[in-house]
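Chemist: this is the structure alone, sequence omitted:
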């Protein structure tokens, strides 16, 4: 049985038949937030219910941080520092090179954030993050708490000013910029215990802000959670049956089939052509004939 499904013939040039899907580690409860550290030869990701950040390298897995404040999504800033979303403390933080933790955002207009979920850094150094309520709705991925704000997408400028830049989504989740920075993609996974529509939206970036939001693609197997882009501008999205590759015009090109529900993805490896996949209880990877656009 093949580990991929070709829908658009072009997708056959994106996969390598002799580079199979590999399960790198397992035994977790619910994993998300992979981020590649090429300079350290490792991947960090969150085992959220177990309140820890895990480090994987070719020698195996170790605990990077526990407790992690129920950390979820991670990225690196332009200086290579770890930026994390924490459900337990309802904040976004940066880990400095000396190990100290700096709070980037924990409130908006005097109210506590919900449970920051995913985070990216723009070319101008601004930090963008989503703030759905998943981490405060139960005690499984955080602590059940009162929701003080609606679920927004925020931008934190280099000087620390926080602004709600997308306010009309039900529960924004994964987000990513196009390679040229002219588009922002955001997955709306919908509110817990509700039947909200679930889709990926795309926004045009004008003067540093998202405008003209519209539906880009709807995942038919489960829903989109984490999303990342390759150097050609294709969107790679998590789904219930694996990872879906979506062309810039919004049509589904193909799938990497994974035996567990996929949560998040990121590109890494020496050529940034290795797709790391967090899926329910396990970490997987596959080498592709495409490169991701993560920096640094």
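Modeler: Received it, and whenever you're ready, just let me know what you need. Remember, predicted model here, so these are calculated numbers, not experimental data. Numbering: from 1, shown residues only.
Chemist: so who does the residue nearest to the spatial centre of the chain touch?
Modeler: The residue lying closest to the centre of the chain (C-alpha atoms, centre = their mean) is residue 226, at 3.9 Å. The neighbourhood of residue 226, defined by C-beta atoms under 8 Å, 6 or more residues apart in numbering, consists of 32-33, 73, 118, 173-174, 187, 237-238, 262-266, 278. Where you see a C-beta, it was placed from the backbone N, CA and C, and this is true even at glycine.
Chemist: please name the nearest non-neighbouring residue to it.
Modeler: Distances taken as C-beta to C-beta, 6 or more residues apart in numbering place residue 264 nearest to residue 226, at 3.1 Å, with adjacent residues excluded.
Chemist: pLDDT wise, what is the spatially closest residue to residue 167 that is not a sequence neighbour at?
Modeler: Of all residues not flanking residue 167 in the chain, residue 152 sits nearest, at 5.2 Å (C-beta to C-beta, 6+ apart). Looking at residue 152, its pLDDT reads 98.
Chemist: from residue 226, how far out is residue 152?
Modeler: 18 Å (C-beta to C-beta, to the nearest Å).
Chemist: likewise residue 206?
Modeler: From residue 206 to residue 226 the distance is 25 Å (C-beta to C-beta).
Chemist: same check, this time on residue 190
Modeler: 15 Å.
Chemist: over to residue 78?
Modeler: Distance of residue 78 to residue 226, computed by C-beta to C-beta: 21 Å.
Chemist: now do the contacts for the nearest residue to residue 87 once chain neighbours are set aside.
Modeler: Closest residue to residue 87 apart from its sequence neighbours, by C-beta to C-beta, 6+ apart: residue 135 at 2.8 Å. By C-beta under 8 Å, 6+ apart, the residues touching residue 135 are 70, 72, 87-88, 90, 114-115, 117, 141-143.
Chemist: which of the residues you listed fall in helices?
Modeler: Here DSSP state H is the test, and the contacts of residue 135 give no hits in helices at all.
Chemist: of those residues, select the buried ones using a PyMOL command.
Modeler: To isolate the buried ones among the contacts of residue 135 in PyMOL, judged by 16 or more other C-beta atoms under 10 Å, type:
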select buried, resi 70+72+87+88+90+114+115+117+141+142
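Chemist: got the contacts of residue 135 as TSV, with pLDDT and distance to residue 169 columns?
Modeler: Formatted as TSV, the contacts of residue 135 follow (pLDDT from 0 to 100; distance: C-beta to C-beta, whole Å):
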residue	pLDDT	distance to residue 169
70	98	22
72	98	17
87	98	19
88	97	23
90	98	18
114	98	13
115	98	15
117	98	12
141	95	20
142	96	20
143	96	24
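Chemist: can you flag which of the contacts of residue 135 belong to strands?
Modeler: Judged by DSSP state E, the subset of the contacts of residue 135 located in strands is residue 72.
Chemist: please name every helix or strand in contact with the helix or strand containing residue 33.
Modeler: If you go by DSSP states H and E, residue 33 is part of strand 31-37. Helices and strands touching strand 31-37, by 3 or more C-beta pairs under 8 Å, 6 or more residues apart in numbering; DSSP states H and E, are strand 42-47, strand 71-76, strand 82-86, strand 262-268, strand 274-279, strand 282-287.
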